[in-house]
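[1] All I have is the shape, not the residue letters:
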Ligand SMILES: Nc1ncnc2c1ncn2[C@@H]1O[C@H](COP(=O)(O)OP(=O)(O)OP(=O)(O)O)[C@@H](O)[C@H]1O
């Protein structure tokens with residue numbers, strides 16, 4: 001009871017962390033009942049109590065959370081030596097405080113697994129935002145109702161499963177943002193979401209939600225229910241949202257998707273005639289297709305798109321946020337002639353499958369790049385593969401192509417996406433690799449924010465650049481005969497695995513791409529040396545690395561500069577950075593998502609300078625790869641040797657001096 005607690009000795013337990021409010025209430029009551037002196041004593045006592053016990057109770061609660069998650073190594077710094085919100089609490093990674101009280105937990109990508117018991121957190125009175133994104137937490141979705149003051153909940157990219165009760169969010173009147181994307185949740189979308197007045201972001205894509213969409217009347221700034229199993233009419237209140245917010249469902253209809261079939265109307269004579277004609281034509285087409293299929297039984301289809309696109313397009317997933325550094329004309333004159341051939345595997349350690357297995361698998365188009373489209377296909381074994389079409393390789397003969405693919409198949413490095421198999425036809429080649437769940441660096445840098453998701457933090461960005469540099473160095477070592485061993489390094493060709501380690505893809509293709517198309521398609525051919533002297537060199541990939549570094553630090557899309565800047569001074573990202581005085585780099589050049597965190601900017605500026613040295617237009621002055629890699633390797637997450645996460649404390653201080661925000665500024 002609050003009043004009892006007020007007069008108890010400081011170490012007597014009161015409801016944890018209720019101290020600030022209790023003190024205020026108590027003080028007000030006391031003013032009415034007691035004389036001034038006793039009130040002052042009472043106030044001091046209870047304030048003292050707050051200072052001592054709030055740290056303890058915060059610690060206890062968080063340590064309970066830690067042990068409920070089986071004490072994961074990422075939280076090894078959470079211990080009793082310091083209190084979570086003290087100035088020296090650098091070890092409490094992911095804990096955000098204001099005024100000595102926890103307001104946020106940002107425990108993303110920390111290898112957390114098991115069940116999440118949020119009930120443990122219910123006695124943190126200032127808790128406003130929770131993020132457990134990109135872990136492997138499982139079991140049913142926790143019940144958040146007990147944390148009625150929450151403003152944001154981010155649980156995407158975990159393994160939560162099962163149904164969510166309809167009333168799961170009842171009474172969460174402050175909730176603004178809910179992100180449950182890419183889990184295994186099923187059943188109906190909880191109807192209680194419709195009664196949350198402040199909800200402006202709702203991300204449920206990539207689950208197995210079924211049934212109808214509830215009547216959500218809120219004005220959403222971010223909304224996505226794509227790739228579920230929803231059916232029925234989209235409520236009119238959501239009809240002005242983008243169609244990509246709804247695609248990939250079993251049978252959703254109505255604006256912005258196609259019209260719903262109206263079952264109640266009687267068909268007219270004209271429509272019966274039209275339907276009959278369509279049915280007859282379809283039957284003829286099916287019979288013809290059957291005959292053709294029988295004749296080509298052991299041949300791969302000529303064009304992935306021709307055979308699979310209706311299904312694929314229906315399932316269109318994210319479109320690359322990246323703009324290609326290319327103009328991509330189709331010079332292939334793709335013919336319809338079939339050639340008997342099959343998928344060739346370049347590694348022995350991989351599950352074997354045939355092209356028809358891939359084509360009959362459920363698939364979706366990932367995006368269309370310079371060369372053609374890439375498709376994701378799930379095999380019956382559960383493995384998810386990506387098939388990329390190349391049309392601009394038809395100058396290279398079968399032997400030469402096969403030899404090159406075998407060479408690529410021998411490459412093994414933690415930062416290279418391995419080639420798994422290929423398919424050869426004269427007019428078109430397919431390269432098959434694993435699907436990488438976290439998508440490309442481009443999507444993570446530019447796409448997520450527009451969807452309201454958090455951007456990559458600085459340690460992750462640095463890790464990515466270090467991995468890219470290592471992957472590039474490996475390619476140069478293993479493929480010394482290729483002038484630009486990667487040749488097509490850009491952020492959409494850097495994929496991020498589950499630990500956000502980068503994997504280079506589309507590498508070492510210069511020898512097999514038609515030279516007459518290469519300058520339109522490949523990044524290496526956008527380099528200053530090619531534009532000025534018509535040649536690429538051993539330092540051309542260093543230029544691409546430099547642009548990638550600048551993109552990663554500035555969050556700006558390089559292709560936009562190349563498109564807008566033709567003939568102008570700021571014709572690439574490096575010229576833009578150079579046009580800004582160095583003393584302004586922190587404010588104007590570094591992306592605001594990563595700048596402003598005490599103790600890290602020095603290292604960011606060092607990386608920026610390395611990026612600029614890699615982008616030197618004069619090849620002689622440009623760093624060579626070895627030197628660039630060495631300099632990148634030396635960089636640290638922090639200007640000093642402290643743990644990165646201590647910067648959360650300083651960031652929280654900055655925040656609290658600016659006033660408390662509701663979430664992590666996602
Ligand atoms: N193995 C993969 N796993 C996950 N996403 C992938 C994979 N391969 C490609 N992607 C993504 O699919 C999208 C389309 O890729 P694609 O390679 O076709 O085009 P691109 O990289 O944008 O351009 P380019 O054709 O010039 O390489 C991009 O967002 C890319 O990052």
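    Yep, it's here. All values derive from a computational prediction rather than experimental measurement.

[2] which ones are touching the most centrally placed residue in the chain?
    Centroid-nearest residue in the chain, with C-alpha atoms, centre = their mean: residue 444, separated by 4.5 Å. Residues in contact with residue 444 (C-beta atoms under 8 Å, 6 or more residues apart in numbering) are 438, 455-456, 496. The C-beta positions use only the backbone N, C-alpha and C, and glycine is treated the same way.

[3] And for residue 143?
    Residue 143 sits next to 118-119, 168 when contact means C-beta under 8 Å, 6+ apart.

[4] and with 7 Å instead?
    residue 168 (C-beta atoms under 7 Å, 6 or more residues apart in numbering).

[5] List the contacts of the helix or strand residue 385 falls within.
    Using DSSP states H and E, residue 385 sits in strand 384-390. Under the criterion C-beta under 7 Å, 6+ apart, residues 304, 358, 366, 371-379, 428-435 lie in contact with strand 384-390.

[6] Mark which of these are part of strands, please.
    Here DSSP state E is the test, and the contacts of strand 384-390 give 366, 373-378, 429-434 as lying in strands.

[7] just checking: which of these also lie near the ligand?
    Filtering the ones in strands among the contacts of strand 384-390 for proximity to the ligand (criterion: C-beta under 6 Å from any ligand atom) leaves 366, 373-374, 433-434.

[8] for the contacts of residue 444, which one is nearest the ligand?
    Taking C-beta to the nearest ligand atom as the measure, the ligand lies nearest residue 438 of these, at 8.1 Å.

[9] Just the buried subset of the contacts of strand 384-390, please.
    Neighbour counting over the contacts of strand 384-390 (16 or more other C-beta atoms under 10 Å) leaves 304, 358, 366, 371-377, 428-435 as the buried ones.

[10] Would you mind confirming that residue 103 is in contact with residue 130?
    No: when contacts are counted by C-beta atoms under 7 Å, residue 103 is not listed as touching residue 130 (10.4 Å).

[11] number of nearby residues for the residue of the stretch 301-450 of the chain found nearest the ligand?
    Nearest residue of the stretch 301-450 of the chain to the ligand: residue 369, at 2.1 Å (C-beta to the nearest ligand atom). Residues lying near residue 369 (other C-beta atoms under 10 Å) number 22.

[12] So which residues of the stretch 301-450 of the chain form helices?
    Listed in chain order, the helices of the stretch 301-450 of the chain (DSSP state H, counting those that start in this stretch) span 304-314, 355-360, 398-409, 441-442, 448-450.

[13] low pLDDT regions in the stretch 351-500 of the chain?
    Residue ranges of the stretch 351-500 of the chain with pLDDT under 70: 361, 448-453.

[14] Return the residues of it in contact with the ligand.
    366-367, 369-371, 373-374, 386, 388, 417, 433-436, 439-440, 443, 488, 492-493, 495.

[15] what about the nearest residue to residue 623 once chain neighbours are set aside, distance to residue 182?
    Using C-beta to C-beta, 6 or more residues apart in numbering and skipping residues adjacent in sequence, the residue nearest residue 623 is residue 613, 4.8 Å away. Distance of residue 613 to residue 182, given as C-beta to C-beta, to the nearest Å: 38 Å.

[16] With residue 583 instead?
    Distance of residue 583 to residue 182, given as C-beta to C-beta: 42 Å.

[17] More neighbours: which of those two?
    residue 182 (22 against 8).

[18] The more buried one is in what secondary structure piece?
    Of the helices and strands defined by DSSP H and E, none includes residue 182.

[19] Could I get the contacting residues of it?
    Neighbours of residue 182 in contact, by C-beta under 7 Å, 6+ apart: 156-157, 206.

[20] The ligand contacts on this structure?
    Residues of the chain lying near the ligand by C-beta under 6 Å from any ligand atom: 320, 322, 324, 326, 366-367, 369-371, 373-374, 386, 388, 417, 433-436, 439-440, 443, 488, 492-493, 495, 505-506.

[21] if you set the cut-off to 5 Å instead, what comes out?
    Within the chain, the positions adjacent to the ligand are 320, 366-367, 369-371, 374, 386, 433, 435-436, 440, 492, 506 by C-beta under 5 Å from any ligand atom.

[22] Looking at those, which is nearest residue 604?
    Nearest to residue 604 among these is residue 440, at 21.8 Å by C-beta to C-beta.

[23] does the closest one have beta-bridge partners, and which?
    Beta bridges link residue 440 to residue 495, judged by DSSP bridges.

[24] now the helices for the stretch 551-666 of the chain?
    Assignment of helices within the stretch 551-666 of the chain using DSSP H, counting those that start in this stretch yields the ranges 558-564, 573-578, 601-614, 625-633, 646-658.

[25] What helices and strands are in contact with the fourth one?
    Packing contacts for helix 625-633, counted by 3 or more C-beta pairs under 7 Å, 6 or more residues apart in numbering; DSSP states H and E, involve helix 458-478, helix 540-554, helix 601-614.
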